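[1] I'll drop the sequence and a predicted model, then ask my questions.
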Amino acid sequence: MLRELLEWLVTPAGLAARRHGLVGESVALAARCRRCRTAWEPHLRRCRRAMREAARACPEKGTVVVCGSGHLFDVPLAALAGMFSRVVLADAVHPLRARMAARGFGNVRLAATDLTGLLDAALGWRPGIDLDRIKPVTPTELAARKPDLTISANVLSQLALPVKARLTKLGCPEADILKVCRRIVQAHLDWLMGLPGSRCLITDTMSRDVDGETILDETDLLYGVTCPPGDASWVWELAPRPEAGRHFDQGREVRVVMRGDPKRTHLSEVKNEDAGGGGGLRPCATGNMGNT
Ligand SMILES: C[S@@+](CC[C@H](N)C(=O)[O-])C[C@H]1O[C@@H](n2cnc3c(N)ncnc32)[C@H](O)[C@@H]1O
């Protein structure tokens, strides 16, 4: 607890990120990673392998941008820094662990980036706000760096959460809030998939609470947005019991989508039989990765 409090106090972050609770989420994620390290390791290994494969398959090795770099648990930083001339880590919160890791490489830069463009504005929203007018703004400053490879690293399902919390606090109707969440998810997907250069999306798409073979609860983490067909998928054992509850284990279905020069076949080694369908699920309730 004391360690988390200290981390929360010393993590540098902008006002909006802090006020929206992103620093707290970042600290909670690291704490959960420590508690569930063994269960998380296969997921983290697969993420790093997918990113390395995307990097190797990328024909130009100028700039790679990693969106949602966070603590770099799932990012093979040394491999990327070795292959590319420049590595840009883009996140609203760069924890100390990531800052220290970045310092070890002369070609790694941190970009304090709001991938939704809504965090600052959301602080000024008041009751009665017209939700139709809330439009995410894509991070043009990242595209301006002309990345040869852009990676979205387990961030897509997290992007709408601060806005959702803010609008819920303002008493907005749930159905309208979910429409805004969907717009945020869709905007990041459209932005990423529309970028020139190679792209690698790694995202959790669905959360499941299970007791053995029995599914107790399912939640669509993308608010009904259709994720492009994947090149690999697996289940991330996010919260084995008793982490989220004493009577169930919580898992996330994770999908990798490669576009650009990396050919689908490059991912054969991370494919497994864990793939499942989507759709027909209720929208995301909380979806935080660090807190239950
Ligand atoms: C689950 S973590 C990603 C895991 C990360 N790749 C790692 O290995 O630690 C989600 C990340 O998304 C970031 N994030 C959430 N909302 C964001 C936003 N609007 N703009 C930029 N980053 C955001 C959080 O700060 C967090 O680092």
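    Yep, it's here. From a predicted model like this one, the values you see are computed outputs, not experimental measurements.
[2] burial count for the residue of the chain found nearest the ligand?
    Closest residue of the chain to the ligand, CB to the nearest ligand atom: Gly70 (2.8 Å). For every residue, glycine as well, the C-beta is placed using N, CA and C. Neighbours of Gly70 under the rule other CB atoms under 10 Å: 26.
[3] so it sits against Ala153, correct?
    Yes. Assessed by CB atoms under 8 Å, Gly70 is found in contact with Ala153 at 7.5 Å.
[4] tell me the spacing between the closest residue to the residue of the chain closest to the ligand other than its chain neighbours and Pro196.
    Nearest residue to Gly70 in three dimensions, chain neighbours excluded: Asp91, at 5.6 Å (CB to CB, 6 or more residues apart in numbering). According to CB to CB, to the nearest Å, Asp91 and Pro196 sit 22 Å apart.
[5] quick one, which of those two is more surrounded?
    More crowded of Asp91 and Pro196, by other CB under 10 Å: Asp91, with 26 against 11.
[6] where's that one relative to Asp220, distance?
    24 Å.
[7] check Leu77 too.
    Separation of Leu77 from Asp220 (CB to CB): 31 Å.
[8] likewise for Leu201?
    Taken as CB to CB, the span from Leu201 to Asp220 is 17 Å.
[9] helix, strand or coil for the nearest residue in space to Gly251 that is not next to it in sequence?
    Among residues not flanking Gly251 along the chain, Val235 sits closest, at 4.7 Å (CB to CB, 6+ apart). Under DSSP: H, G, I helix; E, B strand; the rest coil, the three-state class of Val235 is strand.
[10] also the one 3 residues further on?
    Following three-state DSSP, we place Leu238 in the strand state.
[11] swap in the one 3 residues further on?
    Reducing the assignment to helix, strand or coil with three-state DSSP, the entry for Arg241 is coil.
[12] residues contacting it?
    Residues counted as contacts of Arg241 (CB atoms under 8 Å, 6 or more residues apart in numbering) are 247-249.
[13] can you select the buried ones from these in PyMOL?
    The buried residues among those can be selected in PyMOL (16 or more other CB atoms under 10 Å) with this line:
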select buried, resi 248+249
